[in-house]
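Enquirer: Give me a 3D structure for the following:
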Amino acid sequence: MVTAVRKFDCAPEAVFEAVADGWLYPAWVVGACRMRDVDDDWPAVGSGLHHSIGVWPVVVDDETSVTAWDPPRRVEFHARVRPFAEAHIVLEVKPRGSGCVVRISYDVVGAAA
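Expert: Numbers count the residues shown, from 1 in each chain. All right, here's what the predicted structure looks like:
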């Protein structure tokens, strides 16, 4: 498992506003290079993002779905980059002073792990 932690100068709600806009996924997910589609009910549990991962000319189309949604504290995703790997991703946000701390953990399984 890989975990990254960072302090932001915004409220936890602002983090979840960005996550709730599925079209912004490549702006905050390393390796995501473009969006192909966002389910109409994103970020409801079970909804998905259809994205591409990689660097041209090696780009793989795949998807990420929401497995838990508890704003402004926690969201969980199941990401697929088939046939290479799948990942369980947990994003936790806690208020800290006038901002917040974001912790994102990736548990990757498959060949890429």
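
Enquirer: Let me see the backbone angles for residue 22.
Expert: Phi and psi for residue 22, reported as degrees, to the nearest 10, are phi -60, psi -30.

Enquirer: Chain neighbours aside, what residue packs nearest to it?
Expert: residue 38 (3.5 Å; Cβ to Cβ, 6 or more residues apart in numbering). C-beta: built from backbone N, CA, C; applies to glycine.

Enquirer: pLDDT score assigned to the one you found?
Expert: At residue 38, the model reports a pLDDT of 97.

Enquirer: burial count for it?
Expert: Residue 38 is flanked by 18 other residues according to other Cβ atoms under 10 Å.

Enquirer: Just grab the bridge partners of it for me.
Expert: Using DSSP bridges, the bridge partners assigned to residue 38 are residue 49.

Enquirer: so where do the helices sit in this structure?
Expert: 12-20, 25-28 (DSSP state H).

Enquirer: Specify the stretch among these that is closest to residue 98.
Expert: helix 12-20 (11.7 Å; Cβ to Cβ).

Enquirer: Return the distance of that closest one from the chain's centre.
Expert: Here helix 12-20 is found 11 Å from its chain centre; the criterion is Cα atoms, centre = their mean, to the nearest Å.

Enquirer: So which bits of it are buried?
Expert: For helix 12-20, burial by neighbour count (16 or more other Cβ atoms under 10 Å) applies to 12, 15, 16, 19.

Enquirer: do the same with stretch 75-83
Expert: 75, 76, 77, 79, 80, 81.

Enquirer: same check, this time on stretch 98-113
Expert: In stretch 98-113, counting by 16+ other Cβ under 10 Å, buried: 100, 102, 104, 105, 106, 108.

Enquirer: ok, the third one touching residue 91?
Expert: By that I understand residue 104. Yes. Contact status for residue 104 versus residue 91: in contact at 4.8 Å, counting by Cβ atoms under 8 Å.
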